[in-house]
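Undergrad: coordinates for the following, if possible.
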Amino acid sequence: MEEMNLLVTLDQNYLPPLQVLLTSLHVNQPQEPVALYLLHSGIPAAPLEQVGRQCGAFGFRFCPVRISGGLFRDAPVTKQYPQEMYYRLLAPHLLPREVHRALYLDPDILVINSLRPLWETPLEGRLFAAASHKGKTELVNNLNQARLGTESKYFNSGVLLIDLDAGRREIVPEQVFRYAESHAKALVLPDQDILNALYGDRTLELDDMRWNYDARGYNTYLLRSAGVCDLEWIFRNTGVLHFCGRAKPWKSGYLHRFGVLYRHYMQLTRRTGYYLGDT
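TA: Have a look, this model is predicted:
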């Protein structure tokens, strides 16, 4: 079976959520060969080693990649726009050339069914595959199209299937940096906005109810599906449960429906003995 290349880009603060994501991945696809590529700017060795031990216990290959500042010499980098925000878009230029495809996941995600069908999705010549969070209507999508001057749907960048070979040919870092600099005041979610503005028409649409389910939106999804996508449907069919927004389920006071499920996977992660969230 082909190894699945997972990509994450984060700082030290998001290592505990990453560990919960890894636990959910292992529980729900225990036989899958996985390589985890972690792009970072300088996470200390000790916590990286702890994540590496967890990956080893799960049978995952752990590949941390520390990124130097050389490629980003001309990038607009500020507190609002840190260097890390470019990593997922520029992954074709940051990952080893022998890696041809990668599945990027935000760390605030649970995997609740196998990702193999997503991993094997034909990209049909596109650079990316991603989902659009439509809501009850197309209003938010239309507003983002108007804001960015695009015609394609507005894609969420929290789950990205990436053709790295095509990206090496087509994604030009300097073009990304120029867009970030010239549109700095208009960018709301910078890396996501850049993805949509520059590569929205090179992105294949995924079903968000399967591959990027917004955990805040149960009632919206239920209404949009005419009652089909209830909890039983989700647990049978959804692969990626994404805890979008500022409220996060590892923090106290989280009120949305799937918070208890997230806490369950946190507890399973504690039982591995490698969890960094309580240190």
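
Undergrad: so where's the stretch 101-250 of the chain shaky on pLDDT?
TA: 135-151 (pLDDT under 70).

Undergrad: could you pull out the strands in it for me?
TA: With DSSP state E, counting those that start in this stretch, the ranges of strands along the stretch 101-250 of the chain come out as 101-105, 109-111, 128-131, 156-163, 203-206, 213-214, 240-242.

Undergrad: what's the first helix or strand after the last one?
TA: Read that as strand 240-242. helix 259-272 (DSSP states H and E).

Undergrad: show me what that following helix is packed up against.
TA: Secondary-structure packing of helix 259-272 (3 or more CB pairs under 8 Å, 6 or more residues apart in numbering; DSSP states H and E): helix 15-28, helix 45-58, strand 109-111. The C-beta positions use only the backbone N, C-alpha and C, and glycine is treated the same way.

Undergrad: out of the strands of the stretch 101-250 of the chain, which gets nearest to residue 25?
TA: strand 109-111 (4.5 Å; CB to CB).

Undergrad: avg pLDDT for stretch 60-76?
TA: Mean per-residue pLDDT for stretch 60-76: 90.

Undergrad: same thing with stretch 87-97?
TA: 96.

Undergrad: can you pull the contacts of residue 256?
TA: 215-216, 218, 243, 247, 249 (CB atoms under 8 Å, 6 or more residues apart in numbering).

Undergrad: show the buried residues in these.
TA: The neighbour-count test (16 or more other CB atoms under 10 Å) applied to the contacts of residue 256 identifies 215-216, 218, 243, 249 as buried.

Undergrad: and residue 31, how close does it get to residue 227?
TA: Using CB to CB, to the nearest Å, residue 31 is found at 34 Å from residue 227.

Undergrad: meant to ask about residue 216, not that
TA: Taking CB to CB, one finds residue 216 at 19 Å from residue 227.

Undergrad: try residue 133
TA: From residue 133 to residue 227 the distance is 20 Å (CB to CB).

Undergrad: the more surrounded of those two?
TA: residue 133 (20 against 9; other CB atoms under 10 Å).

Undergrad: ok, the more buried one touching residue 213?
TA: No: Residue 133 is beyond contact range of residue 213, at 9.3 Å (criterion: CB atoms under 8 Å).

Undergrad: coming back round to it: okay, the contacts of residue 256 in TSV with distance to residue 187 next?
TA: Formatted as TSV, those follow (distance: CB to CB, whole Å):
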residue	distance to residue 187
215	25
216	22
218	29
243	23
247	22
249	27
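
Undergrad: out of the residues you listed, which comes closest to residue 74?
TA: Of all those, residue 74 sits closest to residue 243, with 34.2 Å by CB to CB.
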